[in-house]
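**Student:** sequence and predicted structure, then a few things I'm wondering about:
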Amino acid sequence: MKSLILTLAQANAATQKLLVGAYLDSFSVTSVSVSLQFINPALVQRTNLLVDVDFTCPAAVLSPFSKTRIAEDEDFFVERSVFISQVFNCIGKVIDRMHVEADGRLVLVIEDVSVELHVSADDWADDDSVWSIALHGADAHHSAISAVSCIADESILFVADC
């Protein structure tokens, strides 16, 4: 497996291929990370591939009526508990569209809400991924790109595993 640095356009194309049409199946939580598990039946014919979105950054579920965004000074664990209670309502629903922004933000649009993952000031301390999207399953090798990650080091980098 090799890694490639992606442009913003390439990161958008790769993440859209992995996630658009996938539906949220489950999520899990550890002390500082959350994993959203999607099933995407469109990636390989007759196969439901699991697509995991793992992240350690602040996240929110926003409706069209939401006026607030994630505040830098909010407590991570308080925001995480709000996120978990809201993302539960997205289980079984399909990602209609999504995009990656130059600042590392990942936005997943699921029906009338958006799930947004944000790179925060705390994320610049490590060279680990802030969020990553990875295929799992026996047929994952059919995809040219099996994972996309956002890394906040000296700048925002998008990395693909091929």
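**Tutor:** Sure, I can see it.
**Student:** what helix or strand is the residue most central in space within the chain located in?
**Tutor:** Centroid-nearest residue in the chain, with CA atoms, centre = their mean: Val53, separated by 4.4 Å. Val53 belongs to strand 47-55 when assigned by DSSP states H and E.
**Student:** start to end distance for stretch 79-99?
**Tutor:** 22 Å (CA to CA, to the nearest Å).
**Student:** again with stretch 38-53
**Tutor:** Termini of stretch 38-53 sit 8 Å apart (CA to CA).
**Student:** how about the helices in this protein?
**Tutor:** Along the chain, the stretches classed as helices by DSSP state H are 8-19, 76-87.
**Student:** starting at the chain centroid, how far to the longest strand along the chain?
**Tutor:** The longest strand of the chain (DSSP state E) is strand 34-44. In this view, strand 34-44 has its centroid 11 Å away from the chain centroid, taken as CA atoms, centre = their mean, to the nearest Å.
**Student:** okay, buried residues for that strand please.
**Tutor:** Neighbour-count burial for strand 34-44, counted by 16 or more other CB atoms under 10 Å, picks out Val34, Leu36, Gln37, Phe38, Ile39, Asn40, Leu43, Val44. Backbone N, C-alpha and C define where each C-beta goes, glycine included.
**Student:** still on that earlier bit, out of the helices of the chain, which is the most enclosed?
**Tutor:** helix 8-19 (a mean of 19; mean count of other CB atoms under 10 Å).
**Student:** next, the angle from the helix or strand bottoming out on mean pLDDT in the chain to strand 34-44.
**Tutor:** None of the helices or strands of the chain scores lower by mean pLDDT, DSSP states H and E than strand 47-55, at a mean of 80. Strand 47-55 runs at 150 degrees relative to strand 34-44, counting by axes from the mean of the first three to the mean of the last three CA atoms, to 10 degrees.
**Student:** which elements pack onto strand 47-55?
**Tutor:** Using 3 or more CB pairs under 8 Å, 6 or more residues apart in numbering; DSSP states H and E as the contact test, the elements touching strand 47-55 are helix 8-19, strand 34-44, strand 106-110, strand 129-136.
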